[in-house]
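Colleague: Quick one, structure for this:
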Amino acid sequence: MTVSIVSRRFVQVQAFRVPLLKPFLRAPTPTTHNNNNGMARALFATQGGATSSNTDSTSQSSSATKILQPPPARREEDRVVVAGVAPPDWPKDVPRQSDYSPHQLLPSTGVPDPYGWMRDDARTNQEVLDHLKAENAFAEQLTQHLEPLRKTLYQEMLSSIQETDYTLPRPKRNYYLYARTFEGKSYNMYCRAPRKDTNDPTKDVLDHSIEWDGTAESPILPHEQIMLDVNELAKDKDYCAVGTVASSPSEQLLAYTVDFKGDEQCGLYVQNLETKQVVDHDPNLFMYGHVEWGKDDGTIFYLKLDDTLRPFQVYRRNIGDKDTDKQDELLFEEKDEMYFTSIGKTLDGKYLFIETSSTETSEVWYLDLEDPSATLQCIAKRRFKVLYDVEHRNGQWWITSNVEVTPNMRLFTAPAKANRETEWQLVVDPSTTKPLFDGGYERALHSVSTFSNHVVAEGREGGMPRVWILSMDTNSDNNNKLVKFDALEFPEAAHDVGLSSHFEFDIDKIVVAYDSLITPLQHLEISLDNAADAGALAERTVLKEKAVPGYDKELYDCDRIMVPSRDGKTEIPVNLVYRREDMEAHKAHGKPLHTHLYGYGSYGCVLLLLSSFWFPTGKVSLQVRDSFDSYLQHFNFIITGHAWRLPLVRHV
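Modeller: You can find the predicted model right below:
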C-alpha cells in the first residue's frame with residue numbers, strides 16, 4: 001500500500017510505502033479502476049470515445065465527428081493519506097498534532113489519494129511532466145478557436161497600460177528611491193537620485209513637480225543612479241525573481257536577494273553601489289527572499305528555509321568578514337512546523353523584530369540594534385489562539401491583538417520591555433475615553449505604523465477600507481499622550497485606500513495610495529497635523545496618478561449600495577461602476593442595462609483587493625466593448641473584518 005503522511009503543516013505531504021502501517025490502515029473499496037498506466041496516446045477520439053479496439057460497426061464509421069478528449073490520468077486506487085490519530089509505530093519526526101492542542105483527533109483512517117503520485121517537488125518525474133504537457137496540448141486544441149479574440153483582448157488591455165513608467169519616488173536618508181519599467185522589458189530597474197538640488201543644497205528636488213518627458217532614455221529625477229537593473233540580471237536565465245532590494249545604512253552598499261530557479265530559495269548578493277563590485281556572496285547559501293540590514297553596513301539578518309520551504313531560522317551575517325571559515329550566527333529557530341517566521345526592523349531603526357506565527361497564534365521577539373551585547377527578548381510568550389503584532393515608538397510597544405478572543409483586533413500600548421503582557425493598556429479615544437478599537441464588529445483594525453509624533457492605523461469600518469490618524473501631545477514632556485483621533489475621508493463612495501511606503505520616522509506628512517472603480521491609482525500627500533480639518537481635502541497633493549491610455553474618467557461613475565441577504569437581516573455592500581450616458585438613458589427611457597456580475601472573497605480579501613487597489617486597468621477595454629453594450633457593472637462583496645472567519649474555524 002502507498003501511504004502519504006501529512007504533518008501539521010498541511011502542504012507537507014510525503015508519499016512512500018510503509019509495510020508496518022498495513023495492519024492499521026485500510027483503503028476504501030474502489031468504485032472505479034483505471035489500469036491505464038500510460039499518458040494520453042492522442043488528443044482526439046471518434047464520436048462516442050471509440051478507439052481501434054472498439055466494435056467493427058463503430059470503427060467503420062469513418063465519417064464520425066471527432067471530439068476532443070482530456071488526457072487520462074493514472075489512478076493508484078490503494079493509495080491513502082493517513083488522517084486522525086497516529087497509528088502505533090508512526091514515525092516520530094512526522095507529528096500528527098501540536099503538543100499543546102486540546103482537541104482530540106479522530107481515529108486513524110485512510111483517506112483516498114489516487115492522484116497523490118503526481119506530487120513532485122523536484123519537478124523531475126517524467127510521467128508527471130508528460131501528463132502536464134498533454135493537458136496543456138488538450139487545452140490549446142480545445143480553445144484554439146478563441147485565439148483571434150484572445151489576441152484582440154490582449155492588445156486592447158495592453159493599450160491601456162503605460163509600460164514605460166516609474167513608481168513614486170520615496171525619500172530615504174539622502175536619496176529618493178523608485179523603480180522604473182520599460183516597454184518591451186519584463187523586469188524593474190531600481191534607481192535612486194539625490195534629494196538635494198545640486199544648484200541649491202537648501203532645496204529639495206521634489207519641491208517642484210517631476211519634469212520627465214516620458215521617454216526611456218530620460219531620467220526621472222536629476223542625477224539618477226541605477227542601483228539594480230533586473231533586466232540585466234535576468235539575461236540568459238530561465239527564471240528570475242528578485243526579493244529584497246535594500247541600500248545599507250551608509251548608502252554605499254546594496255543588498256539584494258534573487259531566485260534563479262523558481263523554487264522560492266534565494267541567493268544573497270551585496271554589491272558596492274559605486275564600483276558595482278559584489279563584495280559578499282556565498283554560492284552555497286540559500287534563504288528566504290526578505291533580509292534586513294543591521295544598525296550599520298557590517299550586519300545583515302536573513303531567514304533560512306526548511307525542507308518544506310518554511311522560513312524557520314534567523315541568522316546574523318557579518319558582511320565583508322575576512323574569516324571565510326566563520327559561520328553565520330543562528331539567533332532564532334522555530335521547530336513547530338505550524339509556525340512561519342518573519343523579520344522586520346522598526347521604522348526608527350532601534351529594534352529588529354522576529355515574529356513567529358501560525359494561523360491563530362503568534363509570538364514576537366526583539367533585538368536591540370543599538371546595544372552590541374543585546375540578546376533576543378520576547379515581548380509576550382505565545383498564548384493559544386492569541387495573535388498579536390508590534391510596532392515601537394518613544395519607549396512604547398504599540399500592539400494590535402485579539403487577546404481575550406475578540407472578533408477583531410484591539411489596540412494596546414505597553415512599556416518597550418520584555419514579557420510585559422500583563423501591562424498592556426487599551427488605547428482610548430481622548431474625546432470619549434472609550435477604546436478606539438475594542439475588537440468589535442463595527443471597526444476592524446488591521447495594522448498600525450508609528451512615526452515621531454503620530455500613529456497611523458489601517459483597517460475597515462462599515463466594510464470600507466479606512467485610514468485613521470492618532471496625534472500625540474507635542475507640547476508637553478509626555479509625547480505618548482494621545483490628544484486627537486481622525487479618520488481620513490474621501491469623496492467617492494466606492495474606493496480603496498492604504499498607507500504607501502515610508503522609510504523615515506520623523507515626518508509630518510504621509511502618502512496614501514488611493515483609487516476607486518473609476519479613479520486610477522493616485523498617491524496623495526496628506527498633512528498629519530490637519531488631515532481632518534475643514535478644507536483638508538483641497539489641501540491634499542496628488543504626487544502621482546497612474547496613467548491609463550485611452551481612458552476618460554468623465555464617461556463613468558460609481559456607487560455603493562446595500563443589498564439585503566436572503567435572511568433579510570444582513571446587508572451586503574455592493575459596488576457598481578457604469579457609463580453615465582447608459583445610466584441616464586435607463587432612468588429616462590427604461591433602456592435595459594447589460595450587467596456583468598463579478599464577486600469573490602476569501603480569507604478577509606476581496607478579489608480586487610488582492611492587488612491592494614481597485615481600479616481595473618485591464619478591464620478598461622471591456623467597459624467600451626459592444627459585447628457589454630458599452631456598460632460594465634461590478635458587484636464586489638466586501639468583508640468587514642477578521643470576524644467573518646471565526647464561525648468557520650469553530651465548525652471545521
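Colleague: Could you use CA atoms for every contact and neighbour count after this?
Modeller: Fine.
Colleague: Leaving out chain neighbours, which residue sits closest to Val85?
Modeller: Among residues not flanking Val85 along the chain, Ser108 sits closest, at 4.7 Å (Cα to Cα, 6 or more residues apart in numbering).
Colleague: Show the pLDDT at the one you found.
Modeller: You'll see Ser108 listed with a pLDDT of 84.
Colleague: Determine the number of other residues adjacent to it.
Modeller: The number of residues packed near Ser108 is 16, by other Cα atoms under 10 Å.
Colleague: go on, the one 5 residues further on?
Modeller: Taking other Cα under 10 Å as the criterion, the count of residues near Asp113 is 19.
Colleague: what about the longest helix anywhere in the chain, distance to the chain center?
Modeller: Determined from DSSP state H, the single longest helix within the chain is helix 126-142. Helix 126-142 sits 30 Å away from the centroid of its parent chain (Cα atoms, centre = their mean, to the nearest Å).
Colleague: Stretch 273-286 now?
Modeller: Distance, centroid of stretch 273-286 to centroid of chain: 28 Å (Cα atoms, centre = their mean).
Colleague: That stretch: which residues count as buried?
Modeller: 273, 280, 286 (16 or more other Cα atoms under 10 Å).
Colleague: Please pull out the lowest mean pLDDT helix or strand from this structure.
Modeller: One helix or strand of the chain scores below all others by mean pLDDT, DSSP states H and E: strand 44-46, with a mean of 30.
Colleague: re earlier: and the next helix or strand past the longest helix of the chain?
Modeller: Downstream of helix 126-142, the next assigned helix or strand under DSSP states H and E is helix 147-159.
Colleague: Remind me what that following helix packs against, helices and strands.
Modeller: The helices and strands touching helix 147-159, judged by 3 or more Cα pairs under 8 Å, 6 or more residues apart in numbering; DSSP states H and E, are helix 620-623.
Colleague: ok so, going back, next, the buried residues of the longest helix of the chain.
Modeller: 127-128, 131-132, 134-135, 138.
Colleague: Model confidence score at the nearest residue to Met189 once chain neighbours are set aside, please.
Modeller: Once flanking residues are discounted, Met189 sits nearest to Asp229: 4.2 Å by Cα to Cα, 6+ apart. Asp229 carries a pLDDT score of 98 in this model.
Colleague: Thr58 now?
Modeller: 43.
Colleague: hang on, the earlier thing: quick check, nearest of the buried residues of helix 126-142 to Lys92?
Modeller: Val128 (30.3 Å; Cα to Cα).
Colleague: So the closest one versus Ser250, what's the distance?
Modeller: 50 Å (Cα to Cα, to the nearest Å).
Colleague: Same check on Ser342?
Modeller: Using Cα to Cα, Ser342 is found at 24 Å from Ser250.
Colleague: So between those two, which is more surrounded?
Modeller: Higher neighbour count among Ser342 and Ser250: Ser342, with 20 against 12, using other Cα under 10 Å.
Colleague: Now the more buried one, what are its backbone angles?
Modeller: phi -140, psi 160 (degrees, to the nearest 10).
Colleague: Remind me what the host helix or strand of Leu576 packs against, helices and strands.
Modeller: Applying DSSP H and E as the criterion places Leu576 in strand 571-579. Packing partners of strand 571-579 (3+ Cα pairs under 8 Å, 6+ apart): strand 556-564.
Colleague: Report the strands that pair with the strand it packs on, each with its relative direction.
Modeller: Its sheet considered, strand 556-564 pairs with strand 571-579 (antiparallel) by DSSP bridges.
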